[in-house]
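1. Sequence first, predicted model second:
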Amino acid sequence: MPFVKGHTSWKKGKKDSHHSKVMKNLYKIGKMKPIMMKGKDNPAWKGDKVGYHGLHKWIEVEKGKAKYLYCSKYDDGTCKGRLEWSNISQKYLRKVNDWWVLCASHHKRYDNETPATCRQCNEPHRSSGFCKRHYYQLYYLKTKNK
């Protein structure tokens, strides 16, 4: 429903939650600033244990959205599809210089040209980051112990 002049806000008369009150007070006294929550200072920071999607979000924050850039690998005028961030080494480490922008068709071509290797044992794999054995050790056993 669009806003109509004269309507009251949905929040009018409702009390703030405890969390929002605490955050407002921290901002007022200068103990909490948005910049403090960025990168390693964020309590949810995972470092090198970040997942595939989290790493792509991180590179988007660091270097910007790929759709505003151009395809880096092939300059032959055959670019098709949207622009995406692609990992050069295919080890998916948190290094800013290990990423470049490719269009969707060239990204697929590049990933098929260069075989990906495991972060721990350098064996080839098809998933992002780990071979079958290390993927099982890291993810399956971790969820089983919970």
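-> Sure, I can see it.
2. residue ranges with poor pLDDT in this protein?
-> In the predicted model, the chain carries pLDDT under 70 at residues 1, 16-19, 23-36, 74-77, 114-115, 126-129, 142-146.
3. what about the strands in it?
-> Using DSSP state E, the strands of the chain run over 83-87, 99-103, 116-117, 124-125.
4. Quickly note the distance from Phe3 to Lys63.
-> Remark: distance between Phe3 and Lys63 (CB to CB, to the nearest Å) = 37 Å. Quick note: C-beta positions are derived from backbone N, CA and C, even for glycine.
5. who has more neighbours, these two?
-> A direct count of neighbours by other CB atoms under 10 Å for Phe3 and Lys63 places Lys63 higher, at 14 against 7.
6. mind listing what that one touches?
-> 85, 96, 99 (CB atoms under 8 Å, 6 or more residues apart in numbering).
7. Distance to Ala44 added to those residues, as TSV?
-> Shown next, in TSV, are the contacts of Lys63 (distance: CB to CB, whole Å):
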residue	distance to Ala44
Trp85	21
Val96	20
Trp99	22
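8. By the neighbour-count criterion, which of these qualify as buried?
-> Using 16 or more other CB atoms under 10 Å as the burial test, the contacts of Lys63 include 85, 99 as buried.
9. Which one of the contacts of Lys63 is nearest to Lys67?
-> Trp85 (10.3 Å; CB to CB).
10. As a check, name the ranges of all helices in the chain.
-> In the chain, helices defined by DSSP state H lie at 18-29, 52-63, 104-113, 132-135, 141-144, listed in chain order.
11. picking that back up, any chance of the strands of the chain in CSV, plus distance to His134?
-> Putting the strands of the chain into CSV (distance: least, CB to CB, whole Å) gives the following:
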stretch, distance to His134
strand 83-87, 18
strand 99-103, 23
strand 116-117, 11
strand 124-125, 9
